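Colleague: from the sequence below, what's the structure:
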Amino acid sequence: MFRRVLVANRGEIAQRVIRACRELGVETVAVYSEADADALYLRQADETICIGPAASAASYLDIPAIISAAEIADVEAIHPGYGFLAENAHFAEVCESCKITFIGPDPATIAAVGHKARARDMAIAADVPVVPGSDGSVDDEAGAVRVAGEIGYPIMVKAAAGGGGRGMRVAHNEPSLINGFHAARAEAAAAFGDDTVYLERFVENPRHVEVQILGDRNGDVVHLGERDCSIQRRHQKLIEESPSPALTPELRTELGAAAVRMAKAANYHNAGTVEFLLDPEDRYYFIEVNARIQVEHSVTELVTGIDVIQEQLRLASGEALGYGQDAIQLRGHAIECRINAEDPDRDFQPSPGRLDSFVPPGGPGVRVDSHCYSGYRIPPNYDSMIGKLLVHRADRAGAIRTMLRALDEFVIEGPKTTIPLLRRILRHSDFRTGTHDTGFVERYFGAHPTIPGPPR
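Modeller: As a prediction, this is how the structure comes out:
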């Protein structure tokens with residue numbers, strides 16, 4: 001195990017990694033920007049180093065600054081968390097060249113699975129179902145029109161290097177395809193420095209189901225069950241749960257096996273997520289691999305009893321997985337609500353500022369992962385997530401009841417938050433019956449998410 005680890009992130013995930021390290025007896029070094037100088041997790045780290053001003057490009061995305069901090073602090077490894085540099089193959093290469101362990105997959109693996117077109121080809125080779133689409137990238141609008149004619153509308157134009165919903169456009173006819181093709185390329189070039197796009201048939205009314213995987217350097221891989229992330233807006237998740245109410249035991253086994261095949265095909269080690277779409281006929285299709293820990297990993301921790309962050313540290317230090325698939329058992333039902341400082345009535349406009357009061361809920365089955373406290377000032381420079389509210393109960397109905405109680409208990413005064421919308425979602429009949437899909441929020445709440453949907 002490592003002696004000393006640098007946490008190259010901020011907020012909730014920085015605190016989460018520090019806690020995991022402390023339990024393993026590993027010293028931590030927390031880096032921070034000037035905007036995060038009063039962050040709670042800095043008090044919990046063994047050492048702190050300021051790496052720059054508030055702007056991400058000059059701090060959390062500044063590779064030389066982070067490497068310099070790691071060398072000054074004499075760490076053995078860097079945990080990138082999620083976001084920022086977590087899936088940056090170049091950063092992983094720099095760590096490797098500096099003899100610092102990157103807590104995540106190898107650089108070549110990050111690059112391979114991070115390019116969606118290449119990952120799609122890898123899935124096909126591993127006999128993992130993919131959405132019908134183009135054979136590789138599409139370079140011009142004539143080629144896009146030809147492929148669409150072969151596949152059939154509606155069509156999704158997707159950035160090969162994309163993520164977070166950027167570089168994606170849906171087209172229902174040729175004129176919208178041509179416009180979407182150019183718009184997706186332009187957005188991809190601006191966001192990722194790569195305008196490569198490919199085409200897939202657009203799967204209507206799907207569910208978003210992802211599988212957590214863990215792998216060691218010996219090639220052993222297990223999955224930790226699935227998470228249903230279908231409650232989202234504009235491809236940004238709001239609520240996640242495990243197990244998925246949409247899967248039969250047989251389909252769960254099949255999906256998990258497909259995720260393991262994909263991970264082995266990518267020579268994947270450490271923690272990662274294989275994401276799928278599930279259509280109304282229970283056909284599943286590979287979307288992508290997230291080569292990092294995810295926000296919603298905590299849901300999996302609750303139903304499996306496995307500390308995924310500690311497993312990341314253990315696997316990165318060279319330890320073997322040490323258990324097989326039969327050792328993984330899912331117990332009960334877990335739900336996570338992302339609490340964001342956003343105003344749902346104003347198209348989810350960020351609501352930074354001072355937390356006049358912050359009193360998290362508690363009681364049986366409740367977990368809160370948050371870096372916030374009363375008096376903390378939420379900076380306007382970063383993601384608006386205040387924290388994650390999780391519940392774990394014996395069954396889904398009980399988890400929903402506990403989540404509603406916890407949301408009612410959560411006191412946040414100052415900024416606007418997504419809590420009122422989350423309450424409405426959990427009370428909606430479609431969510432309660434588990435019949436929702438990725439279009440749920442837009443379908444029932446539209447541009448004004450707090451407007452009532454159908455009778456509950």
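Colleague: which residue ranges make up the domains of this structure?
Modeller: Per the record, the chain has its domains at 4-103, 132-201, 207-445, by automatic domain parsing.
Colleague: distance between the last one and the chain's centre?
Modeller: What separates the centre of domain 207-445 from the centre of its chain is 8 Å, taken as Cα atoms, centre = their mean, to the nearest Å.
Colleague: quote the end-to-end distance of it.
Modeller: End-to-end distance of domain 207-445 (Cα to Cα, to the nearest Å): 18 Å.
Colleague: average pLDDT for that domain?
Modeller: Average pLDDT, domain 207-445: 97.
Colleague: show me the contacts for Cys50.
Modeller: Cys50 is in contact with 31-34, 37, counting by Cβ atoms under 8 Å, 6 or more residues apart in numbering. The way it works is simple: take the backbone N, C-alpha and C, and place the C-beta from them, glycine included.
Colleague: so Val17, which of the three states?
Modeller: Secondary structure state of Val17, per DSSP: H, G, I helix; E, B strand; the rest coil, is helix.
Colleague: so which helix or strand takes in Ala112?
Modeller: With secondary structure defined by DSSP states H and E, Ala112 is part of helix 107-114.
Colleague: now do that helix: distance to the chain's middle.
Modeller: That offset, for helix 107-114, works out to 17 Å (Cα atoms, centre = their mean).
Colleague: picking up where we left off before, who wins for neighbours among the contacts of Cys50?
Modeller: Taking other Cβ atoms under 10 Å as the neighbour criterion, Val31 ranks highest of the contacts of Cys50 with 29 neighbours.
Colleague: quick check: that one touching Ala8?
Modeller: Yes. Val31 lies in contact with Ala8 (Cβ atoms under 8 Å); the separation is 6.2 Å.
Colleague: start to end distance for stretch 125-141?
Modeller: First-to-last distance for stretch 125-141 - Cα to Cα - comes to 28 Å.
Colleague: ok, and what's touching that stretch?
Modeller: 117, 120-121, 123-124, 143-144, 147, 151, 156, 160, 177-178, 181-182, 196-201, 203, 258, 261-262, 264-265, 277, 283-286.
Colleague: of all the contacts of Cys50, which comes closest to Ala320?
Modeller: When these are compared for distance to Ala320 (Cβ to Cβ), Val31 comes out closest, at 30.5 Å.
Colleague: gap between the residue lying closest to Phe348 once chain neighbours are set aside and Leu421?
Modeller: The shortest distance from Phe348 to any non-neighbouring residue, by Cβ to Cβ, 6 or more residues apart in numbering, is to Glu342 (4.5 Å). For Glu342, the distance to Leu421 equals 9 Å [Cβ to Cβ, to the nearest Å].
Colleague: ok, now Glu319?
Modeller: On the measure of Cβ to Cβ, Glu319 and Leu421 end up 42 Å apart.
Colleague: of those two, which one has the most company?
Modeller: Neighbours per residue, other Cβ under 10 Å: of Glu319 and Leu421, the larger number sits with Leu421, 22 against 13.
Colleague: ok, the residue nearest to the more buried one when sequence neighbours are not counted to Ala69 distance?
Modeller: Using Cβ to Cβ, 6+ apart and skipping the chain neighbours, the partner closest in space to Leu421 is Pro344 (4.4 Å). Distance from Pro344 to Ala69, counting by Cβ to Cβ: 38 Å.
Colleague: where do the helices of this protein begin and end?
Modeller: Per DSSP state H, the chain carries helices over the ranges 11-23, 63-73, 89-97, 107-114, 116-125, 141-151, 174-192, 249-265, 297-304, 308-316, 396-409, 419-427, 429-433, 440-445.
Colleague: quick one: buried residues of the longest one?
Modeller: Counting neighbours by 16 or more other Cβ atoms under 10 Å, one finds that the buried residues in helix 174-192 are 176-178, 180-182, 184-185, 187-189, 191-192.
Colleague: just checking, what packs against the helix holding Ala112?
Modeller: Counting contacts by 3 or more Cβ pairs under 8 Å, 6 or more residues apart in numbering; DSSP states H and E, helix 107-114 packs against helix 89-97, helix 116-125, strand 284-290.
Colleague: so which of those comes closest to Glu409?
Modeller: Each of those has some distance to Glu409 by Cβ to Cβ; the shortest is strand 284-290, at 31.6 Å.
Colleague: what comes up buried for the closest one?
Modeller: Quick answer for strand 284-290 (16+ other Cβ under 10 Å): 284-290.
Colleague: repeat for stretch 233-242
Modeller: For stretch 233-242, a neighbour-count test (16+ other Cβ under 10 Å) marks 233, 237-242 as buried.
Colleague: please apply the same query to stretch 365-384.
Modeller: By 16+ other Cβ under 10 Å, the buried positions in stretch 365-384 come out as 365-372, 376, 378-379, 381-384.
Colleague: if we can go back for a sec, okay, now the residue nearest to Phe348: neighbour count?
Modeller: If you count neighbours by other Cβ under 10 Å, Glu342 ends up with 22.
Colleague: so in the protein, which strand runs the longest?
Modeller: In the chain, with assignment by DSSP state E, the single longest strand is strand 221-233.
Colleague: so what strands line up beside that strand?
Modeller: strand 207-215 (antiparallel), strand 236-242 (antiparallel) (DSSP bridges).
Colleague: and Ala271, which of these is closest to it?
Modeller: strand 207-215 (5.6 Å).
Colleague: in the closest one, which residues are buried?
Modeller: Those would be 207-215, for strand 207-215 by 16+ other Cβ under 10 Å.
Colleague: and for stretch 299-308?
Modeller: Across stretch 299-308, burial judged by 16+ other Cβ under 10 Å covers 299-304, 306-308.
Colleague: let me know the closest of those to Arg4.
Modeller: The closest of those, once distances to Arg4 are taken by Cβ to Cβ, is Asp307, at 19.4 Å.
Colleague: residues touching the closest one, list them.
Modeller: Counted by Cβ under 8 Å, 6+ apart, Asp307 has contacts 20, 23, 301.
Colleague: run a quick check on the residue nearest to Leu421 versus Leu422, I expect a contact.
Modeller: No. Using Cβ under 8 Å, Pro344 is not in contact with Leu422; the gap is 9.3 Å.
Colleague: and Leu422, how far from Gly193?
Modeller: For Leu422 relative to Gly193 (Cβ to Cβ), the value is 35 Å.
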